[in-house]
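[1] Just need the structure, nothing else, for what follows:
(one chain, ligands or ions: 1)
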Amino acid sequence: MPETTRLFRVKQRSCGANSLPCILRSSPITFVFLQSGGALTQGTARSAGARVAFRLRARAALSSLAQPARLAWTCAGQKQVQFQATCSRVGFLGRFPSRKAISQAARRCSRLRMAGVSADGQARLQSRRERAIALLKRLKELAVPFWTEPSSRNAAWRWTLGTLALAFVCTLYAVSLSFIQRFFWNALNAKDAVKYQKFLVLYVAALIAGPPFLTLFEWMRQRTALVWRRFLTERLLGGYFHDRKYYTINILRLQNNETVHATPATSAGGVRVVQDALDNVDQRISEDIRAFTERAVGFGCTVVIALFDFLLFSVILFRIRAQLFLLLVLYSTIGTAVTLWLGGRLVHLNFAQLRREADFRYALVRVRENAESIAFYGGEEQEQRAVSRRFRALFDNMIQLLRWQRNVTFATTWYRYLIQVVPALVVSRDYFSGRIPLGALSQAFFSYNHVLNDLSLVVNEFVGLSAFAAAVNRLYELHCAVEPRLLAGQRHERDAGSQADTEGIVTLTGNGTAAGVKPAALRLEKLTIYTPEGRRRLVDQLDLMLEDGARILLMGESGVGKSSTVRAIAGLWKRGSGVVYRRPHPRNTLFVPQRPYLMLGTLRENLFYPLHGEDAANVDEKTIRNVLVRVNLPDLVDRLGGLDVEADFAAILSLGEQQRLAFARLLLQPEPVQLAILDESTSGLDVENERRLYELLREMGISVLSVGNRPTLIRYHNQVIRLFANGSWQIESPSEAVEHLLGSSLLD
Ligand SMILES: Nc1ncnc2c1ncn2[C@@H]1O[C@H](COP(=O)(O)OP(=O)(O)OP(=O)(O)O)[C@@H](O)[C@H]1O
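    Take a look at the predicted model:
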């Protein structure tokens, strides 16, 4: 059953057999009754015969229930989420859905299907009102901090008030123009040449004086959006890199602060697998924030101007012809309601479009990043198919989007055009009867159009507003994933020296942790590790003590959990229990993965990574060259054209060279490394280079925990811990580990 399936608690008494027929009537649905994490019974009701058979089975299963069961049901394929979402709303009532609720759910499901709404996470079936309220709440949560947080408050108010002041000036300018035009036309009508000249000069002066304000306003609007974008980007980036959220989101696909559905394994860490994992964070940070801030400022200004404009011009229009004003209010209310009704789908479609565009781009980025592997495999056809598939998804959604935009535009264009004849019909009569002069007629037209535009804000901007709403939803998801506890003054484990996690595996680091604990570089106490989603227990109650200067090797079959143990020691994986004591301060501990990370930058920056560029710049070249000689990369600097030349080193260095470079990092850290945790860090090296590097570690007295299965590694370690597939483990001496290897190869 898919992770995303929504589950509902069903009490035996409330799940009467008479509920079943109506579920079964509502088109093919797969539904599952679950108890204690296992499927009790399940079936797909397609044909009438199947429905009857399932009904009987389900009835029998339900009648034997002693405890509450959970019921999940889904429509086939991509319609799944939509229907579940419907169900979740029903489930929210906290009881088994009624006959009416289920048939409503089925109807909504098929309506959505017809509208082409896909399974993208947004397809939550709420009422329009609920959706609108939720959207406003999200908008508020995203927007308000810009004006309230001390770091941005001053700049935010300065730019906002400046923009508003200019918006006001621009509106006043439009009003003045309308009066100048009015007097100008009146003079023309009265054939008063002197007055005409006077107003012509005034008109030209106004036309010269106005545009700089309009330009300044436009500039200020964009500057405000940019300042806001910087604030939001820094804030979300801060959250993204805080507490390794980037890892949690991208690798573990977990979201903190949410609770697990209670299966025995998953309850350990108090976190839940994200139902619809956060996609394309990069796009949300780079693109969605830009779109959000620009549109928000744009709409904000439009609303404020419309408000000023409306106040000023409605007075003018009301004075010329009150009925015209009232007619406009009525017309625009109806127009807005129709547009909202017609355009409801656009928000979902825009949301899906953003996601699919990002998916498509990501597929292309992956091809770029893995060009060599793909070329070796000759996987072009497969890759092209995969990329094209994503493009097709984007294309299909875009077709739906364009279709709905077209429908909305039909309505909005008619709306704008049809109403234009009204002032001609109403006010021209006054003009012909001599009740108003020509200037007043012209001003009535002018004011009429202004008021019409102000009242038609939603109609005119609807297509853009729906895209804006999609950006708000996407950003809000990111905000929720990275923001919790961000500003609570928590410090990163690296800085803290010592920190205990309240849930799952506890990691204690630094000297502060030595109290009451026998001194050792690394100590694991009853460490039990689960995979992130909590389904598999990889390691059970592992005890390990790595004395200062000692070296331990972690061995075991592929997939038993060796790297996962390293992840738990590093504090990346928390699910499970037990304690990890790492005595050296995080600054004196280095983790070296199998494929070292090489940043886009200079060789110097890469050699000192993760140290800051300026600190690295102070180390003289001779020292660096000496270190490179020690790790057997004597000619690297010359070969790459110098220490300060930028390159994509991950693409141009062999795996073995990258691994030696990682060891050079170990020697170049400003704080001496006391504990090195090496995850197959010499797998790309020949035996001689491997020996050389391990000798270096021994000479420097660094405590080492290595992960690897290469027999050559055993001799560099004092002890071997062997992990087994069932989570158990055993300690072996190096000679026992060799015997173990010999034994298994003899058996082969
Ligand atoms: N992010 C993840 N989410 C879920 N399961 C994972 C994740 N990462 C690893 N696993 C699973 O955890 C198990 C242990 O993985 P691990 O990388 O620790 O194995 P290993 O012993 O280091 O294997 P190898 O020697 O092949 O590198 C594997 O079955 C793997 O599929």
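[2] The stretch 551-700 of the chain: helices as residue ranges?
    Applying DSSP state H, counting those that start in this stretch to the stretch 551-700 of the chain gives helices spanning 562-570, 603-608, 613-617, 621-630, 636-639, 649-652, 655-668, 687-699.
[3] And these, which one averages the lowest pLDDT?
    Out of those, helix 613-617 stands lowest, with a mean of 67 (criterion: mean pLDDT).
[4] isn't residue 338 right up against residue 411?
    Yes. Residue 338 is in contact with residue 411 according to C-beta atoms under 8 Å; the separation is 6.0 Å. Where you see a C-beta, it was placed from the backbone N, CA and C, and this is true even at glycine.
[5] that older thread, mind putting the helices of the stretch 551-700 of the chain in TSV, distance to residue 592 and mean neighbour count included?
    Written out in TSV, the entries for those read as follows (distance: least, C-beta to C-beta, whole Å; neighbours: other C-beta atoms under 10 Å):
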stretch	distance to residue 592	mean neighbour count
helix 562-570	10	23
helix 603-608	14	22
helix 613-617	18	12
helix 621-630	15	15
helix 636-639	18	16
helix 649-652	15	15
helix 655-668	5	21
helix 687-699	10	16
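[6] Of all those, which one comes closest to residue 405?
    Ranking the helices of the stretch 551-700 of the chain by distance to residue 405, with C-beta to C-beta as the measure, places helix 649-652 first at 42.0 Å.
[7] now that closest one, how far from the centre of its chain.
    When distances are taken as C-alpha atoms, centre = their mean, to the nearest Å, helix 649-652 is centred 29 Å away from the chain's centroid.
[8] For the stretch 151-300 of the chain, which segments count as strands?
    If you assign secondary structure with DSSP state E, counting those that start in this stretch, the strands in the stretch 151-300 of the chain sit at 254-255, 272-273.
[9] who's in contact with the residue of the stretch 401-550 of the chain found nearest the ligand?
    For the stretch 401-550 of the chain and the ligand, the shortest gap (C-beta to the nearest ligand atom) falls at residue 531, measuring 4.0 Å. Contacts of residue 531 were listed using C-beta atoms under 8 Å, 6 or more residues apart in numbering, and they are 538, 564, 575.
[10] By mean pLDDT, flag the weakest helix or strand of this structure.
    The helix or strand of the chain with the poorest confidence is helix 80-92; it has a mean of 31 (mean pLDDT, DSSP states H and E).
[11] The residue nearest to residue 210 when sequence neighbours are not counted: neighbouring residues, count only.
    Excluding the flanking residues, the one nearest residue 210 by C-beta to C-beta, 6 or more residues apart in numbering is residue 173, at 4.9 Å. Residue 173 is flanked by 17 other residues according to other C-beta atoms under 10 Å.
[12] again with residue 250
    13.
[13] So which elements touch the helix or strand residue 449 falls within?
    Following DSSP states H and E, the helix or strand that holds residue 449 is helix 438-455. Helix 438-455 is packed against helix 150-189, helix 289-320, helix 322-369, helix 421-432, with contacts defined by 3 or more C-beta pairs under 8 Å, 6 or more residues apart in numbering; DSSP states H and E.
[14] Near the ligand, which residues of the stretch 401-550 of the chain are found?
    Taking C-beta under 6 Å from any ligand atom as the measure of proximity, the stretch 401-550 of the chain contacts the ligand at 531-533, 538.
[15] Now intersect those residues with the strands, please.
    For these, membership in strands holds for residue 538, with DSSP state E as the criterion.
[16] which of the residues of the stretch 401-550 of the chain next to the ligand tops the neighbour count?
    Highest neighbour count within these: residue 538, with 25 neighbours (other C-beta under 10 Å).
[17] got the contact list for stretch 188-196?
    The set of residues that contact stretch 188-196 without belonging to it, under C-beta under 8 Å, 6+ apart, is 183-184, 186-187, 437-439.
[18] quick one on the thing from earlier: give me the phi and psi for the residue of the stretch 401-550 of the chain closest to the ligand.
    Taking degrees, to the nearest 10, you get phi -70, psi 160 for the backbone angles of residue 531.
[19] ok, now residue 728?
    Main-chain torsions, residue 728, degrees, to the nearest 10: phi -80, psi 170.
[20] And the one 4 residues further on, by the same measure?
    Backbone torsions for residue 732, taken as degrees, to the nearest 10, come to phi -130, psi 150.
[21] Which residue comes closest to residue 198 once chain neighbours are left out?
    Nearest residue to residue 198 in three dimensions, chain neighbours excluded: residue 187, at 7.8 Å (C-beta to C-beta, 6+ apart).
[22] What separation is there between that neighbour and residue 176?
    If you measure residue 187 against residue 176 using C-beta to C-beta, to the nearest Å, the figure is 16 Å.
[23] same question, residue 743
    96 Å.
[24] any weak-confidence spans in the stretch 51-200 of the chain?
    When the per-residue scores of the stretch 51-200 of the chain are filtered using pLDDT under 70, the ranges that remain are 51-129.
[25] where does the nearest residue to residue 292 once chain neighbours are set aside land in three-state SS?
    Of all residues beyond its chain neighbours, the one nearest residue 292 is residue 471 (4.5 Å), with distances taken as C-beta to C-beta, 6+ apart. Reduced to three states with DSSP: H, G, I helix; E, B strand; the rest coil, the structure at residue 471 is helix.
[26] Buried residues in stretch 732-742, which are they?
    Buried residues in stretch 732-742, counting neighbours by 16 or more other C-beta atoms under 10 Å, are found at 732, 734, 736-737, 740.
[27] can you check stretch 394-408 too?
    Buried residues in stretch 394-408 (16+ other C-beta under 10 Å): 394, 397-398, 400-401, 404-405, 408.
[28] next one: stretch 461-470
    Applying a neighbour-count criterion of 16+ other C-beta under 10 Å, one finds 461-463, 465-470 buried in stretch 461-470.
[29] Also stretch 139-156?
    Judged by neighbour count using 16+ other C-beta under 10 Å, the buried positions of stretch 139-156 are 139, 142-143, 145-146, 152, 155-156.
[30] name the element residue 726 belongs to?
    In this structure, residue 726 sits in neither a helix nor a strand according to DSSP H and E.
[31] and it, what does it touch?
    Residues counted as contacts of residue 726 (C-beta under 8 Å, 6+ apart) are residue 540.
[32] Backbone dihedrals for it, both of them.
    In terms of degrees, to the nearest 10, the main-chain angles of residue 726 are phi -90, psi 10.
[33] Next one: it relative to the ligand, how far apart?
    Here the criterion is C-beta to the nearest ligand atom, to the nearest Å. By it, residue 726 lies 13 Å from the ligand.
[34] Can you list the low-confidence ranges for this protein?
    By pLDDT under 70, the low-scoring segments of the chain are 1-129, 252-277, 484-503, 510-519, 612-615, 744-748.
[35] can you list the residues of it near the ligand?
    Counting by C-beta under 6 Å from any ligand atom, the residues of the chain near the ligand are 251-252, 531-533, 538, 556, 558-564.
[36] could I get these as TSV with distance to residue 376?
    Rendered in TSV, the data for those read as follows (distance: C-beta to C-beta, whole Å):
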residue	distance to residue 376
251	25
252	29
531	30
532	30
533	32
538	31
556	29
558	21
559	24
560	28
561	29
562	27
563	24
564	28
